[in-house]
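J.: here are the coordinates; sequence isn't available:
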DNA sequence: TGATCTCCGATCAATTTGGTCGGACTAAGA
DNA sequence: TCTTAGTCCGACCAAATTGATCGGAGATCA
């Protein structure tokens, strides 16, 4: 049902938290450690740690070792898109198996497949959607989604 | 990675096939049986059968019993949206667990959850996208996707 | 009445995902 | 310089989901 994984959920929560501490009014620039986030949001510590490791390996956050260590955003919240976060954890967006098929792999249905092209179009649209929304958008009261359907109105709930 | 299931893939292929036979030039109105579709697209027969059963139970296609039986679209291809097909197989679109949370269920993170609202907005946009594209669009050379981002440019990484 | 088809439920195997454990390395503070 | 709190990293296990299979019941047409 087009679900994003819990790990990606945790990643989003953590990044949002780090961003709000780092750029907030109370303790700007403060480093945030794994335990703090895990307790705040009731996320299993070990699992969150692994998620943060991946995010740091992929260059979204910086890790600082040792006591008083923790994580910082690697760049501004406006420069980190939701697509980057999700793909960082889950790998490239692939709505259907054949969308990133390499040479050698083969899809049994490919021969007469009639849905590949339209599905790829849909995938592309979803990617656009996720890539147009940044961490920054998720925080402030700013408009969240700039991409809109010209024919779709009354969507604000 | 936001993947739709194989079953949903099969459903899309099958419906596309039924539609193209039913409204095609060669044998318009002809009933299509499970075996024909399974062989054409190399889909395991039993699995496809189950998919078609669900589609018919959900009113997307009509089944005709007995020999020379088979399936027909329950309404025109333009009146069947991709969202209807996918939801028929996979259940309601839920990008994140808490999006259709009932009373009684509870999300451990809910208390301080900071990402629920933006995620629901994204989910809504994806739904719009899928619901604006019909089976009919998937077939003809007609424009596939009407929803487009007015402001999305230059974000390609 | 028999062959051919859909219908339906139960079940199994494989993959993915959520979650855990243990040890190595790093840096601040006593 | 030694200790300790923290990150880092890889291997591992368990549960849930998904893909796929099997067997029989009920309809329909020749």
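T.: Thanks, I have the structure now. Since we're looking at a predicted model, the values are computed, not measured.
J.: quick one: contacts for residue A:22?
T.: A:28, A:29, A:30, A:32, A:72, A:73 (C-beta atoms under 8 Å, 6 or more residues apart in numbering or on different chains). For glycine as for every other residue, the C-beta is placed from the backbone atoms N, C-alpha and C.
J.: any idea how far residue A:29 is from it?
T.: Distance of residue A:22 to residue A:29, computed by C-beta to C-beta, to the nearest Å: 6 Å.
J.: that older thread, looking at the contacts of residue A:22, which is nearest chain B?
T.: Chain B lies nearest to residue A:32 out of the contacts of residue A:22, by C-beta to the nearest C-beta, at 13.7 Å.
J.: how about the contacts made by the closest one?
T.: Taking C-beta under 8 Å, 6+ apart, one finds A:17, A:18, A:21, A:22, A:70, A:71, A:72 in contact with residue A:32.
J.: the second one touches residue A:71, doesn't it?
T.: To tie it back to what came earlier, the one meant is residue A:18. Yes: between residue A:18 and residue A:71 there is a contact at 5.8 Å, judged by C-beta atoms under 8 Å.
J.: quick check: closest non-adjacent residue to residue A:68.
T.: In space, and not counting its chain neighbours, residue A:68 is closest to residue A:31: 7.0 Å by C-beta to C-beta, 6 or more residues apart in numbering or on different chains.
J.: now residue A:42
T.: residue B:108 (4.2 Å).
J.: which residues of chain A lie near DNA strand C?
T.: Chain A has residues A:5-7, A:44, A:46-47, A:50, A:65-69, A:90 near DNA strand C, with proximity defined as C-beta under 7 Å from any atom of the strand.
J.: is it true that residue A:52 touches residue A:17?
T.: No: look at residue A:52 against residue A:17 with C-beta under 8 Å: they stay out of range, at 11.0 Å.
J.: more neighbours: the two, which one.
T.: Each of residue A:52 and residue A:17 has its neighbours counted (other C-beta atoms under 10 Å in any protein chain shown); residue A:52 has more, 25 against 20.
J.: and the more buried one, how far from residue B:46?
T.: From residue A:52 to residue B:46 the distance is 44 Å (C-beta to C-beta).
J.: ok, back up a step: which residues are common contacts for residue A:18 and residue A:71?
T.: A:32, A:61.
J.: for the contacts of residue A:22, pick the one with the most neighbours.
T.: Of the contacts of residue A:22, with other C-beta under 10 Å as the count, residue A:32 tops at 22 neighbours.
J.: ok, now which ones touch the residue most central in space within chain A?
T.: Central residue of chain A (C-alpha atoms, centre = their mean): residue A:85, 2.6 Å from the mean position. Neighbour list for residue A:85: A:8, A:11, A:12, A:15, A:55, A:60, A:135 [criterion: C-beta under 8 Å, 6+ apart].
J.: kindly recompute the last result at 6 Å.
T.: A:11, A:12 (C-beta atoms under 6 Å, 6 or more residues apart in numbering or on different chains).
J.: state the pLDDT value of it.
T.: Looking at residue A:85, its pLDDT is 96.
J.: so it lies in a strand, does it not?
T.: No: using DSSP: H, G, I helix; E, B strand; the rest coil, the assignment for residue A:85 is helix, not a strand.
J.: need the nearest residue in space to residue A:133, chain neighbours excluded.
T.: residue A:82 (4.9 Å).
J.: ok, residue A:38 next?
T.: The shortest distance from residue A:38 to any non-neighbouring residue, by C-beta to C-beta, 6+ apart, is to residue A:45 (4.3 Å).
J.: and for residue A:109?
T.: Using C-beta to C-beta, 6+ apart, the closest residue to residue A:109 is residue B:41 (4.8 Å).
J.: can you count the residues close to the one you found?
T.: 22.
J.: next, the contact list for it, please.
T.: A:109, A:112, B:13.
J.: any idea whether the last one is helix, strand or coil?
T.: Going back to what we said before, that points to residue B:13. helix.
J.: ok, it to chain A distance?
T.: Computed with C-beta to the nearest C-beta, to the nearest Å, the distance linking residue B:13 and chain A is 6 Å.
J.: got the confidence number for that residue?
T.: Value for residue B:13, per-residue pLDDT: 94.
J.: for it, give its distance to DNA strand D.
T.: 12 Å (C-beta to the nearest atom of the strand, to the nearest Å).
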